[in-house]
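Engineer: I need the structure of the sequence given here:
(2 chains)
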Protein chains: 2
Amino acid sequence: MTARDYMQRAIELAQKGEGHTRPNPPVGAVLVKASRIIGEGYHKRAGGPHAEVAAIANARRKHEDPRGAALYVTLEPCSTPGLVGACTDAIVEAGIKAVVYGARDPNPKNAGRSEKVLSAAGIACNLFADTAFFDQKGGNELVKPFAKFITKSVPYVTVKIAMSLDGRICDNKGNSRWISSEDAREATGELREKADVILVGAETVRKDNPTLLAHGTANPDLVRAVVTRSGKLPKKATVFTDGKNETLVYKAPDGNLAPMMEDLAKRGYMHVLCEGGLQLATSLAEQGFVDRWISVIAPKVIGARPLAKAAVVPEVVLMEDVL
Amino acid sequence: MTARDYMQRAIELAQKGEGHTRPNPPVGAVLVKASRIIGEGYHKRAGGPHAEVAAIANARRKHEDPRGAALYVTLEPCSTPGLVGACTDAIVEAGIKAVVYGARDPNPKNAGRSEKVLSAAGIACNLFADTAFFDQKGGNELVKPFAKFITKSVPYVTVKIAMSLDGRICDNKGNSRWISSEDAREATGELREKADVILVGAETVRKDNPTLLAHGTANPDLVRAVVTRSGKLPKKATVFTDGKNETLVYKAPDGNLAPMMEDLAKRGYMHVLCEGGLQLATSLAEQGFVDRWISVIAPKVIGARPLAKAAVVPEVVLMEDVL
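Structural biologist: Predicted coordinates for the structure are as follows:
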């Protein structure tokens, strides 16, 4: 096994925590000794052990000795005692001899500090050199919501919409089920698993009455949010009556979404997934809140027809433009 | 050099003819002897020499002897004398010993016939075995317009539209210049080079007053066409007054586009590129005329703003759906 394999495994571990760690970033770590992973762990939720500590504990449970091991971790270890002790202390205590981390601490106050602390303790601490590999495997993606949240005091926002080749998100009867395929809806389910909040406009609740829950496996940490201009909401809608995940309601009579965004951040929510409607998504973009926009383009032409009769186009080519 | 290299070169040669050969397909050919290309040619326009004959003549001009050579050609050679003699005759006369062709003749009346004719003359004639490579390099693409035209008596139709992430093709003032980037417009210019006809709706002529000419290098064979429901057209529009390529006008008062499509085929036009408006593109799709739809997705959100202020989204992910 190589350094790439260790870092890739650490990324995979971190991804298990996505959507559950707020207001902390998801982090994964592996301990390596004699080219073998002797312990692995990830940060499961705020207040629980950090990935580094989890990996050390995992090694010990398997009767492996962390002394002299190298630690591969997706994010620079913390050096300040928070809810749990500082990871740098745990690393020193465990007798680890080298630390390789994938991403720097996005908090400018802490960035680079653990390197100093660990170096002073005689432990080599370095950024993972193969930054392209780290990015390609999703390492940077892991920390983006936290980075936005910690530096801007608003959540990271992903917009996801499905549209047809002719740019329609619903047919002439307002019906949007289903523009996209089951595969695409499966992918949406995975996006929901990784988010803290699923946000929609009131009109989407009225028209589609969605559950806004993670697909397949339930995510008890997921929060639903509905924003309304008018303040009028269908009280019997599924999101208000199903007794499942919490549903927040925000009023934005003047269309200003900043108060909602700031409140979501105050509650510790780092990653908001907006699934519509298009007007809300557009307003978020216009107000500068959108970090990532995911368009699912279905290979059909809706035109003025009802969805069931959308015209199918044999060959579809998408040329993603560069601004 | 390998068989792949020969066939790839034949494809490149054929591509030079795209947009100029109607009502014939574009075809390219190379003659190979002792692992060396001794002659190459392509079909430049109807009435001119076919690719096979051009490659033989090219070899002779270079004082190379085609006898005993292998011919790599993108399309099954013709075996019936048309405006020029049958290619099978020229192949036999030149003393070529083997023929490898990339695509079968799409005309069911002719498919496979040259193989019989050439075999009878003692010349090995075979379909190029690496069909995946041929397709990947654009070999099948070359013959699609002709195949549609010859089997359905209507042109092959490519729709190309540019839209924003929120599915808008223009802003709230009807302004669509420019949603997409210069790179994307460059790609459109290349599409225009390969088409026989550029088709737009009357509203596009009214709103955008486009030239509908190939970008950069002029294509004198390109024909422009405008279709109108009302019959009212701006007589001073560039396409009617610039004195450049011909502009056809079709009236479709009831929205039925079949008469126009049939007339275009009767004139020998094999490939129509529809560049809008969206209503025309949608009608073409609904009436089953669209073969290929190219969406250029610009990484911006237009919403209700004028184009100059379109919101920019840092990260864009497109998930192409499968029906």
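
Engineer: ranges for the helices of chain A?
Structural biologist: A:3-17, A:51-61, A:87-93, A:113-120, A:131-136, A:139-152, A:182-194, A:202-208, A:238-241, A:258-266, A:278-286 (DSSP state H).

Engineer: quick one: end-to-end length of stretch A:285-301, please.
Structural biologist: Criterion Cα to Cα, to the nearest Å; first-to-last residue distance in stretch A:285-301 is 25 Å.

Engineer: in chain A, which residue is most central in space?
Structural biologist: Residue closest to the average C-alpha location in chain A (Cα atoms, centre = their mean): A:Lys194, at 4.4 Å.

Engineer: number of residues surrounding the spatially closest residue to it that is not a sequence neighbour?
Structural biologist: Leaving aside its chain neighbours, A:Lys194 sits nearest to A:Glu18 (4.1 Å; criterion: Cβ to Cβ, 6 or more residues apart in numbering or on different chains). All C-beta atoms are positioned from the backbone trio N, CA, C, and that covers glycine. A:Glu18: 20 surrounding residues under other Cβ atoms under 10 Å in any protein chain shown.

Engineer: same thing with the one 4 residues further on?
Structural biologist: Counted with other Cβ under 10 Å, the neighbours of A:Arg22 add up to 22.

Engineer: show me what contacts it?
Structural biologist: Going by Cβ atoms under 8 Å, 6 or more residues apart in numbering or on different chains, A:Arg22 touches A:Ala46, A:Asp196, A:Asp221, A:Gly268, A:Tyr269, A:Met270, A:His271.

Engineer: correct me, but A:Ala214 touches A:Asp196?
Structural biologist: No: contact criterion Cβ atoms under 8 Å: A:Ala214 and A:Asp196 do not qualify, at 11.7 Å.

Engineer: mind giving me the domain split of chain A?
Structural biologist: A:3-143, A:153-297 (the TED database).

Engineer: rebuild the ones you listed as TSV, extending it with mean pLDDT.
Structural biologist: Compiled in TSV, those are given as follows (pLDDT from 0 to 100):
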stretch	mean pLDDT
domain A:3-143	95
domain A:153-297	89
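
Engineer: save these as a markdown table, and put in distance to B:Ala187 too.
Structural biologist: A markdown table is the format used below for the domains of chain A (distance: least, Cβ to Cβ, whole Å):
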| stretch | distance to B:Ala187 |
| --- | --- |
| domain A:3-143 | 26 |
| domain A:153-297 | 17 |
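
Engineer: tell me how far A:Ala252 lies from A:Ala285.
Structural biologist: Using Cβ to Cβ, to the nearest Å, we find A:Ala252 at a distance of 15 Å from A:Ala285.

Engineer: ditto for A:Lys116
Structural biologist: 40 Å.

Engineer: okay, the two: which has more neighbours?
Structural biologist: When A:Lys116 and A:Ala285 are compared for neighbours, A:Ala285 comes out ahead with 26 against 12, by other Cβ under 10 Å.

Engineer: pretty sure that one is touching B:Val313, no?
Structural biologist: Yes: the pair A:Ala285 / B:Val313 is scored as a contact, 6.0 Å apart, by Cβ under 8 Å.

Engineer: mind listing the shared neighbours of the two?
Structural biologist: A:Val159, A:Trp293, B:Leu165, B:Val301.

Engineer: in the sheet, who's paired with the last one?
Structural biologist: Beta-bridge pairing of B:Val301, defined through DSSP bridges, involves B:Ala311.

Engineer: tell me the phi and psi of the residue of the stretch 51-200 of chain A found nearest chain B?
Structural biologist: Closest approach between the stretch 51-200 of chain A and chain B, counting by Cβ to the nearest Cβ: A:Gly167, at 2.8 Å. Per-residue torsions, A:Gly167: phi 70, psi 20 (degrees, to the nearest 10).

Engineer: could you pull up the contacting residues of it?
Structural biologist: B:Ile161, B:Met163, B:Asp166, B:Gly167, B:Arg168, B:Ile169, B:Leu278.

Engineer: and it, how far is that from B:Ser119?
Structural biologist: Taking Cβ to Cβ, one finds A:Gly167 at 53 Å from B:Ser119.

Engineer: cool, A:Gly139 as well?
Structural biologist: 59 Å.

Engineer: out of those two, which sits in the busier spot?
Structural biologist: Shown here are A:Gly139 and B:Ser119; by other Cβ under 10 Å, A:Gly139 has more neighbours (25 against 13).

Engineer: for A:Asn256, grab the count of nearby residues.
Structural biologist: 11.

Engineer: for A:Met270, same thing?
Structural biologist: A:Met270: 26 neighbours (other Cβ under 10 Å).

Engineer: between A:Ala214 and A:Asp196, which contacts overlap?
Structural biologist: Common neighbours of A:Ala214 and A:Asp196 (Cβ under 8 Å, 6+ apart) are A:Leu222.

Engineer: so these two - more neighbours on which side?
Structural biologist: Between A:Ala214 and A:Asp196, counting by other Cβ under 10 Å, A:Asp196 is the more crowded of the two (27 against 22).

Engineer: surely the more buried one meets A:Val223?
Structural biologist: Yes: between A:Asp196 and A:Val223 there is a contact under Cβ under 8 Å: 6.4 Å.

Engineer: any shared contact partners between those two?
Structural biologist: A:Tyr269.

Engineer: still on that earlier bit, out of the contacts of A:Arg22, which is nearest to chain B?
Structural biologist: Among the contacts of A:Arg22, and counting by Cβ to the nearest Cβ, the member closest to chain B is A:His271, at 13.2 Å.

Engineer: ok, now how distant is that closest one from A:Pro220?
Structural biologist: For A:His271 relative to A:Pro220 (Cβ to Cβ), the value is 16 Å.

Engineer: and for A:Gly47?
Structural biologist: For A:Gly47, the distance to A:Pro220 equals 15 Å [Cβ to Cβ].

Engineer: how about A:Thr238?
Structural biologist: 17 Å.

Engineer: which one's more surrounded, these two?
Structural biologist: A:Thr238 (17 against 9).

Engineer: does that one touch A:Leu213 like I think?
Structural biologist: No: if you go by Cβ under 8 Å, A:Thr238 and A:Leu213 don't touch, sitting 9.2 Å apart.

Engineer: can you tell me the distance between the two ends of stretch A:73-85?
Structural biologist: End-to-end distance of stretch A:73-85: 17 Å, with Cα to Cα as the criterion.

Engineer: quick one: buried residues of it?
Structural biologist: A:Val73, A:Thr74, A:Leu75, A:Glu76, A:Pro77, A:Cys78, A:Ser79 (16 or more other Cβ atoms under 10 Å in any protein chain shown).

Engineer: verify the stated contact: A:Cys274 with A:Thr282.
Structural biologist: No: A:Cys274 is beyond contact range of A:Thr282, at 10.3 Å (criterion: Cβ under 8 Å).

Engineer: now the end-to-end length of stretch A:258-274.
Structural biologist: 15 Å.

Engineer: to clarify, my last question referred to stretch A:163-183.
Structural biologist: 15 Å.
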